[in-house]
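In: Fold the stuff below for me.
(4 chains)
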Protein chains: 2
Amino acid sequence: MATAQEVCRLAGVSTATLSRTLRNPELVKEDTRNKVFSAIEKTGYRPNFLASSVKTGKSNTIMVLVPNLINPFFLRLIHGIEDAAKEHSYSVLLCNTQGDPARENEYAAMTLSNRADGIIHLDHSFPFSDSDKGLAEKVPMVSIGEKIRADFDYPVIELDNFAATRALALHLVSYGHTRFGLIAGKKNTRISQDRVDGIQSVLRSENIDFSDDMIVGGAYTIECGQQGAIDLMNSKTPPTAIFCLSDDIAIGAIHQLKQMGFRVPEDVSVVGFDNITASAFIDPPLTTIDQPAHEMGVRAVQVLMSQIKGNALKRQREVLPFLDLLERKSSGSAVNSVVAKA
Amino acid sequence: MATAQEVCRLAGVSTATLSRTLRNPELVKEDTRNKVFSAIEKTGYRPNFLASSVKTGKSNTIMVLVPNLINPFFLRLIHGIEDAAKEHSYSVLLCNTQGDPARENEYAAMTLSNRADGIIHLDHSFPFSDSDKGLAEKVPMVSIGEKIRADFDYPVIELDNFAATRALALHLVSYGHTRFGLIAGKKNTRISQDRVDGIQSVLRSENIDFSDDMIVGGAYTIECGQQGAIDLMNSKTPPTAIFCLSDDIAIGAIHQLKQMGFRVPEDVSVVGFDNITASAFIDPPLTTIDQPAHEMGVRAVQVLMSQIKGNALKRQREVLPFLDLLERKSSGSAVNSVVAKA
DNA sequence: AAATGGACTGCAATCGATTGCATCAACTGT
DNA sequence: ACAGTTGATGCAATCGATTGCAGTCCATTT
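Out: Numbering: from 1, shown residues only, chains lettered A, B, ... in the order given. So this is what the prediction gives:
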């Protein structure tokens, strides 16, 4: 690779002019510029990204902390992040924390050594260790999903989970369901709470009982959906309709219900959350909430970039509306359910 | 953030000793080391990653070029890559080329400016533009899947596609199938060719005809699987068994076949390729080939690291065996197929 | 006691850019 | 014709590390 010196010698200019030609062309006279460009062309010179980064103190990189690469919802988020980052000439460092706090912390600490200019955080924990907390105060960060640490100032991009599950609940109530179950991803998170609250807000006004023991689950996985279906259907009052807090959970639940001899939706209705690609193609196609995943990723980058540029944060929470309730075939009337008759 | 100077002043040492304490501790006397460490602790100092990278010329980053973030198979690969990279203290720059050569080229060129030390390439094209080709010769690179440019020296990690589809074909033949269709991802690629050859090697020895017009498709997507099923079932001699070259394709095909009134596997058997998580949970559960995706990612990193460290390449192609033929419920006997009778 | 050698440590150059300041030429206005 | 601008360029310091070389100190050898 040609060095800057060679280019400069060939073009008959100083390194200062070389640098200006590339970064602030308007400061350089046109024919000088052309000389420089043709010298660059001839030598195949590329400015060393690392060197300019040391000097400017910006790595033009954002770090994405993701708990796993299985949940298809994260992929749509990452896709959005990637697109938006590219728009800003930023690169994306993908960090799979595997839900491990130590690993998460290790990655997050990399921002403290200029490895990245900011963090987009998809996990529902706090990525910095206590010892780094003080230092972390200056690291631009935005969370997607929910915010854990109230004592720490960073913005969050979230979905209007309350409204989304309200829509789902209204949908199921309109079919005449009165016995509900719910399979959660992570329990005791704000997301889960908001979603349960959304459901309750509908059921209460309909005087339908929905108690905590009808909430099972604990992971956003297919396997969790299977186990959740087993638990719910074996309870004293098995539900005729099941809210699944992700499409993966719903896929597992439907699979298990069929395995157990229940028809979906004739005996049990199942609704999901996320709208992953596969959910339109399972049997029956899944009724679900379409999340604006790509847009959430894009917004996260925008907010982060504005932090990186040093702007004050305008809003601490940004709540996006859900896109749509997709009514497909996994939900329907409860009148002929063998479960209800039992 | 504390600077190196402060740490040095506090510890009463030079920056040289600071650096050595962190990078080559064995060169520093123990009590000096301790003084340095406690000064680091006190100040919260972190060495600037960018600065050390300029000096060493290594960015400790590998770039992963991926055509999309939809195909779940890529995710397992990326997972493996990430794990292995972390093992080597390397970070992963995720670059979504979206199948666009311009975008791909733009990313690849970043290695030329020390943005990354090497490339792992999951697309089936050649990431560098012709003008960069000369420069690219020195960039460590490894491809996963297949190699496109014969004139360019870089290693490939591939699956034994031939053996895999042979296993699938033997499986289907043992059920008595004689009329086959195939829905490909990208046609005219080495992968597709090898897979078709594997099938042919079985069918020829059974004297079963399998002509090119029974090969449809063109993308590794669910939608392509749907369209492929339509095309195949509307042909003059519709097949009783369909090879799908990815699980996503198979999911689309099965969905479509059911839509068209065919039973799977009673009328038409469908087999997939990849073993993504969802494929065990669709109806019917998919017979498929389990690819060692994680391991392929890991191997790719190992080979790349050895290139980065300057070792000569030992093998140009590394062919991994497939893990398993998972016989599930989407494939079965052809005797009662309405398709065969028609 | 002098010489040898090994273990530590510091000085200062270096990596490859960016950028404030100085310089110089050309142009403007009076 | 001359002072004052303006525009374009170069000089050299700087970013924050790493590292070759040289110097110091102390223990060992003869």
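In: Which positions in the stretch 201-342 of chain A make contact with chain B?
Out: Neighbours of chain B within the stretch 201-342 of chain A, by C-beta under 8 Å from any C-beta of the partner chain: A:222, A:248, A:251-252, A:255, A:258, A:277-278, A:281-283. All C-beta spots, glycine's among them, are computed from the backbone N, C-alpha and C.
In: Looking at these, which is nearest A:N71?
Out: Within those, the smallest distance to A:N71 is 6.6 Å, found for A:D248 (C-beta to C-beta).
In: got a list of what the closest one touches?
Out: A:D248 makes contacts with A:70-72, A:220-222, A:225, A:274, A:276, B:277, as judged by C-beta atoms under 8 Å, 6 or more residues apart in numbering or on different chains.
In: same deal with A:Y90?
Out: Contacts of A:Y90 (C-beta under 8 Å, 6+ apart): A:60-62, A:117, A:301, A:305.
In: Show me how the record splits chain A into domains.
Out: Listed domain ranges for chain A are A:4-47, A:59-159+A:293-321, A:161-290+A:325-341 (source: automatic domain parsing).
In: So what's the gap between the helix or strand of chain A at the bottom of the mean pLDDT ranking and the chain middle?
Out: Least confident element among the helices and strands of chain A, by mean pLDDT, DSSP states H and E: helix A:338-341 (a mean of 82). Helix A:338-341 sits 38 Å away from the centroid of its parent chain (C-alpha atoms, centre = their mean, to the nearest Å).
In: what helices or strands is that helix leaning on?
Out: The contact analysis (3 or more C-beta pairs under 8 Å, 6 or more residues apart in numbering or on different chains; DSSP states H and E) places helix A:338-341 against no helix or strand.
In: Just the buried positions in it, please.
Out: A:339-340 (16 or more other C-beta atoms under 10 Å in any protein chain shown).
In: Check the burial of A:I208 by counting its neighbours.
Out: 16 (other C-beta atoms under 10 Å in any protein chain shown).
In: Name all residues that make contact with it.
Out: A:173, A:178, A:180.
In: Is it correct that A:T277 is in contact with B:I251?
Out: No. In this structure, A:T277 is not within contact of B:I251 by C-beta atoms under 8 Å, at 9.0 Å.
In: Pick out whichever of these two has more residues nearby.
Out: Counted by other C-beta under 10 Å, A:T277 and B:I251 do not tie: B:I251 has more neighbours, with 26 against 19.
In: Quick check: the more buried one touching A:S279?
Out: No. With contact defined as C-beta under 8 Å, B:I251 and A:S279 do not form a contacting pair (10.7 Å).
In: ok, now how distant is A:L65 from DNA strand D?
Out: For A:L65, the distance to DNA strand D equals 23 Å [C-beta to the nearest atom of the strand, to the nearest Å].
In: Please settle this for me: is that residue part of a strand?
Out: Yes. Assessed by DSSP: H, G, I helix; E, B strand; the rest coil, A:L65 belongs to a strand.
In: what about it, how many neighbours?
Out: Neighbour count of A:L65, defined by other C-beta under 10 Å: 22.
In: part of a helix, is A:K187?
Out: No. Counting by three-state DSSP, A:K187 is not part of a helix but coil.
In: any chance of the contacts of A:D248 in a markdown table, with pLDDT too?
Out: Shown next, in a markdown table, are these (pLDDT from 0 to 100):
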| residue | pLDDT |
| --- | --- |
| A:I70 | 86 |
| A:N71 | 86 |
| A:P72 | 85 |
| A:Y220 | 93 |
| A:T221 | 94 |
| A:I222 | 96 |
| A:G225 | 98 |
| A:D274 | 95 |
| A:I276 | 93 |
| B:T277 | 90 |
